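Participant: give me a model of this one.
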Amino acid sequence: MDWNPKESRVPKEFEEVKKQFLDLEERTRKQMAAMLASSAVSAEDEAAAGKDIHSRKFDEYLTFSLMWVFLAFMDLDEIPSTLNYRMFCEAQDLFRTEKRFATVTESQLRDACENFHSAFAAVPRVESEPLPAMPVLEQYDALYNTHETQTAQEIFMELAEIIVNHLALNARDPKTYLERFRKMLELTAQPTSAQTKAGAVASATPPPAPPDLNKLLAELDALTGLARVKADVHQLTNYIKVEQMRKTKGLKTSDVSLHMVFYGNPGTGKTTVARLIAKIYWALGVVNKGHLVEVDRSGLVAGYVGQTAIKVNSVVEKAIGGVLFIDEAYALKMGDSADFGQEAIDVLLKLMEDRRDQFVVVVAGYPDEMKNFLSSNPGMRSRFNKYLEFEDYTPEELMTIFEGFCKSCDYRISPEARKVIQSIFLKAYGTRDKTFGNGRFARNLFEKIVENQANRVVSVQGADQDTLMMVQPEDIPPPGATPMA
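Facilitator: As a prediction, the model looks like this:
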């Protein structure tokens, strides 16, 4: 792709648009902050009303909206222009004191443009979905009898026209998309009767009831092993319950972070416990949905400038009301100085602070790597007060897990086969390292045995139920044939 450094210097009209957005934010800042802090948009009321507006600063709503517009219109290009991408970066920095993209190079912009579509497989449909800032502005206008929604509509439309003016000649029908965007902006402040009716129905629908705490704790206790983890979760549950009791009596409570660190080797039940923690927090009223969003480094870190913050914000948005589970979190610190892992950490830390009452983060990984990861980042360590250690399963516990697989799939183990399997677990446990798969190793062994058993009984004429169910020694793979991880 041919390019010229002069081409990515932002035009004067974009500088004017930025100024208008800054003026809008400054003009509404005090009253907007009061409105967003009120109970009308609190997390509990949002859940009860079926709304999707979360307590955050207005400049964040504006930033998200700016990013949506850029992504939607740049997607019309086969390869976005470096000029549009530079404006996209500046839009992300607009309300920041520290400008993350002030030193972005032409080479970085060019790489980001060429990989735009692979990085953003799905972009916001701004021609059919209202921008995040618009419902907030409508509420502001209704509360303070102002007309800021119309002002914002005009600025966003001007921004879209600037982006379209710098699309390639072969861009996919930008005029039609621009007209649809214009209509969406006009309709945002004037909901149709159908939309009003739909909103009323949503408001009348009660949110799902939280699960029963005692049943969740019983489910936790029924898991194989994990004695220390179970004790820690029970202790944490009691602490939260007492804090809530103190609050109802008007007593002071501790402002302790409920974000958690899971130490443990693979296959020790970290994800299973994280799902239960999300539901337990829901039952306790810590979060209002209780779902789990599971990601690793690839779900948070992008390969090009200006993309990592978007990925992190998107993942956190999905986790609002529940738990964000980051597996192998130490991998965020991997890479050289040009890596975007640190940016992902910085954005995540800010969101953990800004939206601390709306979601919980659980980071997990190998014990040594996680300890080094948290020690290398004081900001990260200060966010976590709860540490759960997941110990390796003993040979007896591995056998119990294996028996659980058999029972769930209608298999039985002959006495002779049981002895062989027990010896496998005993040897594997004695020679384990940090790659030992624990529960995964038991599952892998079970699946391999089932395959071998099927190969054996398929040729048995008139095989009865007992034959089809029974695992024999000859079904067990030789040592080394089953992966440890």
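Participant: didn't Lys247 look like it was pressed against Thr253?
Facilitator: Yes - applying C-beta atoms under 8 Å, one finds Lys247 in contact with Thr253, separated by 5.3 Å. Where you see a C-beta, it was placed from the backbone N, CA and C, and this is true even at glycine.
Participant: run the chain-centre distance for stretch 326-343.
Facilitator: 16 Å (C-alpha atoms, centre = their mean, to the nearest Å).
Participant: ends of it, how far apart?
Facilitator: One end of stretch 326-343 sits 15 Å from the other (C-alpha to C-alpha, to the nearest Å).
Participant: so which bits of it are buried?
Facilitator: Ile326, Asp327, Glu328, Ala329, Tyr330, Ala331, Leu332, Lys333, Phe340, Gly341, Glu343 (16 or more other C-beta atoms under 10 Å).
Participant: from Gln307, how far out is the last one?
Facilitator: Same thing as Glu343. Counting by C-beta to C-beta, to the nearest Å, the separation of Glu343 from Gln307 is 10 Å.
Participant: residue ranges of the helices in the stretch 51-200 of the chain, please?
Facilitator: With DSSP state H, counting those that start in this stretch, the ranges of helices along the stretch 51-200 of the chain come out as 58-74, 82-93, 106-114, 116-119, 133-144, 148-165, 174-188, 193-204.
Participant: the ones you listed: which one's closest to Phe373?
Facilitator: Smallest distance to Phe373 across the helices of the stretch 51-200 of the chain (C-beta to C-beta): 25.3 Å, for helix 116-119.
Participant: how far off centre is the closest one?
Facilitator: Mean-position distance between helix 116-119 and its chain equals 19 Å (C-alpha atoms, centre = their mean).
Participant: average pLDDT across that helix?
Facilitator: For helix 116-119, mean pLDDT is 88.
Participant: only C-alpha atoms, please: export it in PDB.
Facilitator: Taking C-alpha atoms only, helix 116-119 is exported to PDB below (Å, rounded to 0.1, in the frame of the first residue of the first chain):
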ATOM      1  CA  PHE A 116      -7.800  -4.000  10.700                       C
ATOM      2  CA  HIS A 117     -10.300  -6.500   9.600                       C
ATOM      3  CA  SER A 118      -8.600  -9.500  11.200                       C
ATOM      4  CA  ALA A 119      -8.400  -7.500  14.500                       C
END
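Participant: what lies in contact with it?
Facilitator: Helix 116-119 is contacted by residues Met74, Asp75, Ile79, Pro80, Tyr85, Ala112, Ala302, Gly303, Tyr304, Gln307 when judged by C-beta atoms under 8 Å, 6 or more residues apart in numbering.
Participant: list the buried residues in that helix.
Facilitator: Buried residues in helix 116-119 (16+ other C-beta under 10 Å): Phe116.
Participant: export only the CA atoms of stretch 351-366, formatted as CSV.
Facilitator: The C-alpha trace of stretch 351-366 is given here as CSV (Å, rounded to 0.1, in the frame of the first residue of the first chain):
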residue,chain,number,x,y,z
LEU,A,351,-11.7,-0.5,35.0
MET,A,352,-11.3,-2.6,38.2
GLU,A,353,-11.2,0.7,40.1
ASP,A,354,-13.8,2.7,38.1
ARG,A,355,-16.3,-0.1,38.1
ARG,A,356,-15.3,-2.0,41.2
ASP,A,357,-18.9,-2.5,42.4
GLN,A,358,-20.1,-3.9,39.1
PHE,A,359,-17.9,-6.9,38.4
VAL,A,360,-15.2,-9.1,40.0
VAL,A,361,-11.9,-10.2,38.4
VAL,A,362,-10.3,-13.6,39.1
VAL,A,363,-6.8,-14.1,37.7
ALA,A,364,-5.4,-17.7,37.6
GLY,A,365,-2.3,-19.5,36.7
TYR,A,366,0.8,-21.6,37.8
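Participant: thinking again about what came up before, which pair in the contacts of helix 116-119 spans the largest distance?
Facilitator: Among the contacts of helix 116-119, Asp75 and Gly303 lie farthest apart (C-beta to C-beta), at 17.8 Å.
Participant: more neighbours: which of those two?
Facilitator: A count of neighbours by other C-beta atoms under 10 Å puts Asp75 above the other of Asp75 and Gly303, at 18 against 14.
Participant: now the more buried one. Nearest residue, chain neighbours left out?
Facilitator: Val123 (4.6 Å; C-beta to C-beta, 6 or more residues apart in numbering).
Participant: quick one, what contacts the one you found?
Facilitator: Leu71, Ala72, Asp75.
Participant: confidence score at it?
Facilitator: Val123 carries a pLDDT value of 85.
Participant: and it, its phi and psi?
Facilitator: phi -110, psi 160 (degrees, to the nearest 10).
Participant: same thing with Ala209?
Facilitator: For Ala209, the backbone dihedrals are phi -70, psi 140 (criterion: degrees, to the nearest 10).
Participant: gap between it and Gly290?
Facilitator: 11 Å.
Participant: those two: who's more crowded?
Facilitator: Gly290 (23 against 8).
Participant: quick one: that one is in a helix?
Facilitator: No - checked against DSSP: H, G, I helix; E, B strand; the rest coil, Gly290 lies outside a helix; its state is coil.
Participant: name the nearest residue to it, ignoring sequence neighbours.
Facilitator: In space, and not counting its chain neighbours, Gly290 is closest to Trp282: 2.8 Å by C-beta to C-beta, 6+ apart.
Participant: Thr237 now?
Facilitator: Distances taken as C-beta to C-beta, 6+ apart put Ile280 closest to Thr237, at 6.4 Å, once the chain neighbours are dropped.
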